[in-house]
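Sharing a sequence plus its predicted fold:
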Amino acid sequence: HARRELDDRLRAGAEQSLHDLDDRLAAATSTGASSERVARARDLLALTLDDLRQLTLGLHPRALDDGLTAAIETLVVGMPFDVHLAIDYESSDTCLRMAMYFVCAEALANSVKHANASSVSITVRAEAGDVLLSIRDDGSGGATIGAGTGLRGLIDRVESLDGTLRIESAVGRGTHVLVSIPELGPSH
């Protein structure tokens, strides 16, 4: 909930101020102000707006507004390999949905960048009071939890919900990411 509020405040405040500044820079350009300096300022402004958009997406991806299934479906569009989805669970818990979404996003990104996979399967289901997420690719394997993999932050996110994240990734045998989070996790 707090992340959603921050997302809304960033959009209403900082992003609107940057758009107003862009309008003023455009007006200054048309009145003959130093066009090179104004152009550089507008380029910087465009980069800042893009950074802000990326930040707010990281806080609360809009795709999650339509539920976990729809959000995961948006992640797999355009993947360079076959993706098989078996999602038999939907949660109203925003923190749980976000954790599952970000794990899927990171695992898919790693499959694209590092694994040379030809297929990925994603399964989400409830079992014995836990929500289970399984992401398996048929790529090169050898994934480790270390600096720069993005997996460490995901583990922290999952553990903050009293969950666990495991990776099985023998070289030459693909990668399997397994997440288990209690359905009714800690209050957040």
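Arrived safely.

Quick one: list the elements packing against the one helix or strand residue 26 maps to.
Per DSSP states H and E: residue 26 is located in helix 16-30. For helix 16-30, the packing partners by 3 or more CB pairs under 8 Å, 6 or more residues apart in numbering; DSSP states H and E come out as helix 35-59. (Glycine included, C-beta is placed from N, CA and C.)

Now the helix holding residue 26 - C-alpha only, CSV.
Extracted in CSV, the C-alpha atoms of helix 16-30 (Å, rounded to 0.1, in the frame of the first residue of the first chain):
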residue,chain,number,x,y,z
GLN,A,16,4.1,16.7,-13.4
SER,A,17,6.8,19.3,-12.4
LEU,A,18,9.2,17.8,-14.9
HIS,A,19,6.5,17.9,-17.7
ASP,A,20,5.9,21.6,-16.8
LEU,A,21,9.6,22.3,-17.1
ASP,A,22,9.7,20.6,-20.5
ASP,A,23,6.9,22.9,-21.6
ARG,A,24,8.8,25.9,-20.5
LEU,A,25,12.0,24.7,-22.2
ALA,A,26,10.0,24.2,-25.4
ALA,A,27,8.7,27.8,-25.1
ALA,A,28,12.2,29.1,-24.5
THR,A,29,13.4,27.4,-27.6
SER,A,30,10.7,29.1,-29.7
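
Give me the nearest residue to residue 170, chain neighbours excluded.
residue 141 (5.2 Å; CB to CB, 6 or more residues apart in numbering).

Just the buried positions in stretch 101-121, please.
For stretch 101-121, burial by neighbour count (16 or more other CB atoms under 10 Å) applies to 101-108, 110-112, 114-115, 117, 120.

what's the span of it from first residue to last?
Taking CA to CA, to the nearest Å, the first and last residues of stretch 101-121 lie 14 Å apart.

ok, and what's touching it?
Applying CB atoms under 8 Å, 6 or more residues apart in numbering, the external contacts of stretch 101-121 come out as 61, 63-64, 68, 71-72, 75-76, 79-86, 122, 133-141, 143, 149-151, 154, 157-158, 165, 174-175, 177, 179.

which stretches of this structure have low pLDDT?
1-17, 20, 29, 31-33, 44, 46-60, 146-150, 184-188 (pLDDT under 70).

Find the centremost residue of it, please.
By CA atoms, centre = their mean, the chain has its centre lying nearest to residue 102, at 4.2 Å.

just to confirm, which helix or strand has that one in it?
helix 94-110.

before we move on, what about residue 177?
Using DSSP H and E, residue 177 falls in strand 175-182.

mind listing what's buried in that strand?
175, 176, 177, 178, 179, 180, 181.

Roughly how far does the third one sit from residue 108?
Between residue 177 and residue 108 the computed distance is 10 Å (CB to CB, to the nearest Å).
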